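> Quick one, structure for this:
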Amino acid sequence: MKNIVNIDAEFITLGQLLKHVNLISSGGMAKWFLSEYVVYVDNEKEDRRGRKLFPGTMIDIPGEGTFFIQSTKSDKEEAEQDNRESEA
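Predicted coordinates for the structure are as follows:
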């Protein structure tokens with residue numbers, strides 16, 4: 001079963017995701033979790049807690065679930081943010 005994880009930022013890190021979906025209770029546990037469990041990001045094994053997860057990314061943790069990153073921003077909001085960043 002796929003679980004949708006909505007984010008309102010450009011990305012979320014793997015460590016933040018683990019905490020957000022209640023697989024760990026604090027960010028400090030991310031390194032331990034990734035050393036004990038196999039985690040796949042877009043079908044590739046991943047063990048970096050700082051791995052950036054963008055909308056459209058799929059994370060599979062066997063025995064725990066599959067998670068799909070989705071943006072809560074509208075296309076218009078994303079285009080406006082891109083314009084502001086390119087002007088800076």
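> Neighbours of the residue nearest to residue 62 when sequence neighbours are not counted, how many?
Counting by C-beta to C-beta, 6 or more residues apart in numbering, residue 38 is the residue found nearest to residue 62 once chain neighbours are left out, at 6.0 Å. Backbone N, C-alpha and C define where each C-beta goes, glycine included. Around residue 38 there are 12 other residues, counting by other C-beta atoms under 10 Å.
> Next: residue 34.
With other C-beta under 10 Å as criterion, residue 34 counts 20.
> Now do the same for it: helix, strand or coil?
helix (DSSP: H, G, I helix; E, B strand; the rest coil).
> hang on, it packs against residue 23?
No: with contact defined as C-beta atoms under 8 Å, residue 34 does not reach residue 23; the gap is 10.4 Å.
> Report the separation between the most centrally placed residue in the chain and residue 33.
The centroid of the chain falls nearest to residue 53 when counting by C-alpha atoms, centre = their mean (3.9 Å). From residue 53 across to residue 33, the span is 15 Å (C-beta to C-beta, to the nearest Å).
> Find the helix or strand that residue 6 is a member of.
strand 2-7 (DSSP states H and E).
> rewinding a little: residue contacts, the residue nearest to residue 62?
45, 61-62 (C-beta atoms under 8 Å, 6 or more residues apart in numbering).
> And residue 64, by the same measure?
Residue 64 touches 23, 37, counting by C-beta under 8 Å, 6+ apart.
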